[in-house]
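Q: Following is a predicted model, sequence given first.
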Amino acid sequence: MQRWPVSFWRRKRREAELDEELRSHLEMAAREREERGDAAKEAERAARREFGNIELVKEATRGAWGWRWLEDLVEDARYGLRMLGKNPGFTIVAILSLALGIGATTAIFSVVYGVLVNPYPYAHSDRMVHLTVHDASGNRRFVNLNGPQLQRLRQASCIESSAAMEGWNLTTTDGDLPEDVQAVYLTSNAFVHFGVPTLLGRGLLPSDAPEGEDPENVAVLGYQFWQRHYGGDPDIVGKNIQLVHKTYKILGVVRPRFTWGDGEVYLPLKLTADPARTYFPMIRLNPGITRAAANAEFQSLVEQFAKETPSHFPEHFHVAIEGLNDHFVEDIGGTLYLLLAAVALLLLIGCGNVSILLLARGTARQHELAVRSAIGAERSRILRQLLTEALLLSFTGAGLGVALANGLVKLIVNWLPEFSFPHEAAISINLPVLFFSVGLALLTGIVFGISPALQSSRPDVAQVMQASTRKMTAGVQGRRTHGILIAGQISLTLLLLAGAGTAMQGFVRMMRVNLGYDPHYAMSVGIPVHDNSYTTWEARRTYFNQLLQKVSAMPEVVSAGISTNATPPNNGWELRFEISGKPAAEQQRARLNFVSPQYFTVLHIPLQQGRIWDEVETVRGAKVAMINQTLAHQFFPNGDAVGSEIRVSELKGEPPFRLAVAGSDGWLQVIGIVSDARNDGLRNPTKPALYVPYTIMMRVWTQILVRTRVPPLTILRDIRAQIRTVDPDQQSFRDTRDLDGWISSQPEWEQGHLVATLFAGFAVLALALAATGLYSVISYTVAQRTGEFGIRMALGARRNDVLLMVFRSAAMSVAGGVLTGVVLTITLNRVLARWIQGSSLDALVLMGVILLLVATSGLSCFIPARRASSVDPVVALRYE
Amino acid sequence: MAEKRQRYQNRIELLQGTLDLLILQTLQWGAQHGYGISVAIRNRSGELLQVDTGSLYPALHRLEKQKWIAAEWRISENKQRAKFYRLTAAGKKQLSKERSRWSQLSDAIAGVLQPEE
């Protein structure tokens, strides 16, 4: 009351005046009648009768004051709060039901909003595209172009703006330890291209890379790197950073959401005329250009480029540009929408719960409402009162829900497949998300509030007033609504449970997949080679071998080998190959792995046939190869693989980046067959694989694969120290995981984990909500029928009869719900199977889910039913 | 119920907006309270127009809000405190506007109802 003193007092006075005004009217009317000769009492009564219902006149007059709705609202809210406070049990269950639903929905929506609706901070990011081509077998590939090609690309008429980048790992040389730094080199127009202002200082400018000169030694820091390496030093601009013994002046720090290329430092890039050196183009199209038009223009352009540098392009291709987010939408869009659908179901179930509670309470409140209606409250007024109470509940629920969502969002962000969403995405409870929650609260308030309000606002005054307050049972209408709500809840819960079961089954199946290698106690350590070092084949082979020897000699290491590009479970480069003496089929492809002979021992991949090459052959880069079983079965059905010859024509050197032994693109002799080990993720079947000595072709990085006696990551520091004894500037990739870690960072693993965990969580919540709903309905019915049960028992009904009666009333709704749920689940199975990849509904899961649901329902009925059956007839009857 | 129905039998429903006109017209002869207004309308209409209090008071408060009439508490002729309403300048203007509209309307209706010659 203290909060609206002015309006409150003004209103009070107005009310008093209205009172007096009407009273004076009545008095004057009465006096006139008296003067005409009526008896005093009779006159007053007649005046009153003529006047009509005073309260109604007041109500109508107040309507003319304006602002009445607001005053009503405040009054309704105050009254509603009092009513809610009177039934704390009801209020808590209702608010929790809503908070869970709204919280989960808000959390998932904030991910959807962050990842799918507004992922990028860049200017006109909807027109930014990646230049991608599809090769003959439909694989998509990013196009990299050399300097002169980029100049010509820039002239394309559909392009508004373009820039180019390349990325490399550098290392800090001004600290105690060399730290791996992800450097992104950007052409000096890139910051203008992106159109995102920096957080501190400035971005790169054209003056940082003057025409015809080497670029300035300047750097712009990534936000994360600035936080990690400099502790967010606000005075960083103008200081220096040393990378591989070169000093760069720090120009600025980018904003947190600017994470292009996951760069830790952004350095100016000077395009060279060297045709072998390629860069990644960044393109923004002109407004109004369709994808098809852009593709057509790029197709002819890229075809010209492919004539100049055929090795940079697939043999046959068609250009299909992609929006920045296309790939992510394809990866995770379905999953996110599926989860959104799941939480929407959860919310619906929660709403159902509150509806049930409100209905039950509405019946209990019929007496109160009937009295209000009898003294002249309009129906719309009562309706509004009840809706206000519903909204009070939903907004409190939403408030609590948003708090819940805040926690849940953090959890989900941790679980999101690392490379299946744009790192620019800001996933949090932000303003648009809050708007969504408020809308949701309004909507849910109306959804769950309207049907109870409609029903309770039309009490049959005469009947209610005559009956005693306690013993009314809900009419057939009320019971039917309850039944439908319960059935609806049960069916949606079944759908959610079936989805969760399917997702979990799929995930468990993936975890149990036969890998074909032993990932435990194994790790691969990636090592990038710095520019202009170890530039001859001999020097680089010696260097890699020295690193391997140092690591092998460590006491904790059981065995070690080199696996340039062969860290499972997704490894090797897919290339075309030919078999000597057989016509080369167009689509004859295999995953090519560059390894040392220890690779198979470290990973416990057994040799099936033939032999593994030896150390001597490794040192000279012998032209030998091993194949996996899949390749042997597919291409050598007669078992004549060992001794045959295979050629990979793309296996060519390109110094100083690729150092190959002479004749690397010639024939390689197949000397052995090893068992299959997963090389295309956890879900796809193993692809044909070729293993060749890593010395045949070495790139500017390598990986050392180790098997250890202790958990591998615990000796990572020691391994790094060993590496530095060979070259003090040599860092290793910061993102180093053991092989178990690589398995659990496969997108399908992370996605399966995310979906299975969240789905299971939501399903359990749904089950709890549905059980609460059922429990409330049964308890309420039992309470209403106490008298009836008492009579029945007094007349000789046994406890079991009463128990059965209670169960029978619930059984119909539950059975109906289960049936509907099964039909729903089977109908939606196709959709589920598409989105919960690699899973489809199986009968066993469905049976289990039904059993679980029926058992839970039974339990929710049993508790109140037992209470009913243990009623003492004498007590029950005296209750009247 | 039965009594109520009887009471309404002889009543003529006022057209929407007509009540405003009647109130303003009644107040032209001087300030008056709600009861007085209802009596005046009844008498001047030869007992035909019964103003329902449920319409009268909302109308009075609405007209007051629109500043066409103003209210003050005064002592009535028989020594009783009552809320008196009087016409304001804006109310006078409104009255003449409504009157001309009414006469237009009644002319138009009379024209329609006139038997053809």
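A: That came in fine, so what should we check first?
Q: Quick check: nearest residue in space to A:L324, chain neighbours excluded?
A: A:M128 (5.2 Å; Cβ to Cβ, 6 or more residues apart in numbering or on different chains). All C-beta atoms are positioned from the backbone trio N, CA, C, and that covers glycine.
Q: Could you give the bridge partners of the one you found?
A: Applying DSSP bridges to A:M128 gives these bridge partners: A:R284.
Q: Over to the one 4 residues further on?
A: Each beta-bridge partner of A:T132 is listed here: A:F142, as defined by DSSP bridges.
Q: what about residue 80, neighbour count?
A: Using chain A here. Using other Cβ atoms under 10 Å in any protein chain shown, A:G80 is surrounded by 20 other residues.
Q: hm, I was asking about chain B
A: Neighbours around B:Q80, by other Cβ under 10 Å: 13.
Q: list the contacts for it?
A: A:24, A:27-28 (Cβ atoms under 8 Å, 6 or more residues apart in numbering or on different chains).
Q: which of the residues you listed come close to chain B?
A: A:24, A:27-28 (Cβ under 8 Å from any Cβ of the partner chain).
Q: got the residues of chain A near chain B?
A: A:17-18, A:20-22, A:24-25, A:27-29, A:31-32, A:49-53, A:56-57, A:60-61, A:63-66.
Q: Can you report how many residues neighbour the closest residue to A:V529 other than its chain neighbours?
A: Leaving out its chain neighbours, the residue that sits closest to A:V529 by Cβ to Cβ, 6+ apart is A:V700, at 4.7 Å. For A:V700, the count of nearby residues is 19 (other Cβ under 10 Å).
Q: ditto for A:I236
A: Around A:I236 sit 19 other residues, with neighbours defined as other Cβ under 10 Å.
Q: again, but for A:E59
A: 17.
Q: Pull out the CA atoms of stretch B:33-46 and give them to me as PDB.
A: Taking Å, rounded to 0.1, in the frame of the first residue of the first chain, the C-alpha atoms of stretch B:33-46 are listed here in PDB:
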ATOM      1  CA  HIS B  33     -27.500  16.900  -8.600                       C
ATOM      2  CA  GLY B  34     -27.900  13.400 -10.000                       C
ATOM      3  CA  TYR B  35     -31.300  12.700  -8.500                       C
ATOM      4  CA  GLY B  36     -32.500  16.100  -9.600                       C
ATOM      5  CA  ILE B  37     -31.400  15.400 -13.200                       C
ATOM      6  CA  SER B  38     -33.200  12.100 -13.300                       C
ATOM      7  CA  VAL B  39     -36.400  13.600 -11.900                       C
ATOM      8  CA  ALA B  40     -36.200  16.500 -14.300                       C
ATOM      9  CA  ILE B  41     -35.800  14.200 -17.300                       C
ATOM     10  CA  ARG B  42     -38.600  12.100 -16.100                       C
ATOM     11  CA  ASN B  43     -41.000  15.000 -15.600                       C
ATOM     12  CA  ARG B  44     -40.200  16.800 -18.800                       C
ATOM     13  CA  SER B  45     -40.700  13.600 -20.800                       C
ATOM     14  CA  GLY B  46     -44.100  13.100 -19.300                       C
END
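Q: near chain A, anything from that stretch?
A: Yes. Residues of stretch B:33-46 are located near chain A by Cβ under 8 Å from any Cβ, namely B:33-36, B:39.
Q: chain center to that stretch: distance?
A: How far stretch B:33-46 lies from its chain's middle: 8 Å, per Cα atoms, centre = their mean, to the nearest Å.
Q: With stretch A:677-687 instead?
A: Using Cα atoms, centre = their mean, the offset of stretch A:677-687 from its chain centre is 25 Å.
Q: Could you check that stretch and say which residues are buried?
A: A:677-683, A:686-687 (16 or more other Cβ atoms under 10 Å in any protein chain shown).
Q: Which of those residues sits closest to chain B?
A: Set against chain B, the nearest of these by Cβ to the nearest Cβ is A:R683 (72.4 Å).
Q: mind checking the SS state of the closest one?
A: Secondary structure, DSSP: H, G, I helix; E, B strand; the rest coil: A:R683 is coil.
Q: so what strands line up beside the strand ranked longest in chain A?
A: The residue-count maximum for a strand in chain A (DSSP state E) belongs to strand A:159-171. Counting by DSSP bridges, the strands paired with strand A:159-171 are strand A:180-187 (antiparallel), strand A:278-285 (antiparallel).
Q: Let's verify the spatially closest residue to A:L348 that is not a sequence neighbour: helix, strand, or coil?
A: Closest residue to A:L348 apart from its sequence neighbours, by Cβ to Cβ, 6+ apart: A:L492 at 6.0 Å. The three-state assignment at A:L492 reads helix, by three-state DSSP.
Q: in chain A, which ranges drop under the pLDDT threshold?
A: Within chain A, the ranges that satisfy pLDDT under 70 run A:1-11, A:66-69, A:71, A:364, A:375-377, A:458-478, A:585-586, A:832-840, A:876-880.
Q: okay, now the domains of it?
A: Domain assignment for chain A by automatic domain parsing gives A:5-66, A:125-324, A:329-511+A:748-878, A:522-737.
Q: Just tell me which of those domains ends up closest to B:T88.
A: domain A:5-66 (17.0 Å; Cβ to Cβ).
Q: chain center to the closest one, what's the gap?
A: Using Cα atoms, centre = their mean, the offset of domain A:5-66 from its chain centre is 64 Å.
Q: again, but for stretch A:742-751
A: With Cα atoms, centre = their mean, you get 14 Å for stretch A:742-751.
Q: who touches it?
A: A:331-332, A:335, A:415-420, A:510, A:515, A:519, A:524, A:567-570, A:681-683, A:737, A:753, A:837-838.
Q: if we go to 10 Å?
A: The contact list for stretch A:742-751 (Cβ atoms under 10 Å, 6 or more residues apart in numbering or on different chains) reads A:331-332, A:334-335, A:415-420, A:503, A:506-507, A:510-511, A:513, A:515, A:519, A:522-524, A:567-571, A:678, A:681-684, A:735, A:737-738, A:752-753, A:835-838.
Q: Quick check on the residues you listed: which are buried?
A: Buried among those (16+ other Cβ under 10 Å): A:331-332, A:334-335, A:416-417, A:420, A:503, A:506-507, A:510, A:515, A:519, A:522-524, A:567-571, A:678, A:681-683, A:737-738, A:752-753, A:835-837.
Q: what about the residue lying closest to A:N532 once chain neighbours are set aside, how many neighbours?
A: Closest residue in space to A:N532, ignoring its immediate chain neighbours: A:P656 at 7.4 Å, by Cβ to Cβ, 6+ apart. By the criterion of other Cβ under 10 Å, A:P656 has 16 neighbours.
Q: list the contacts for A:P656?
A: Taking Cβ under 10 Å, 6+ apart, one finds A:276, A:529, A:531-536, A:540, A:700 in contact with A:P656.
Q: Same question for A:T601.
A: A:558-561, A:607, A:612, A:707.
Q: swap in A:I321?
A: The contact partners of A:I321, taken as Cβ under 10 Å, 6+ apart, are A:129-133, A:143, A:158, A:283, A:285, A:291-292, A:294-295, A:298.
Q: related to what we said a few turns ago, looking at the buried residues of stretch A:677-687, which two lie furthest apart in space?
A: A:A677 and A:R683 (15.0 Å).
Q: What does A:W667 show for phi and psi?
A: phi -80, psi 140 (degrees, to the nearest 10).
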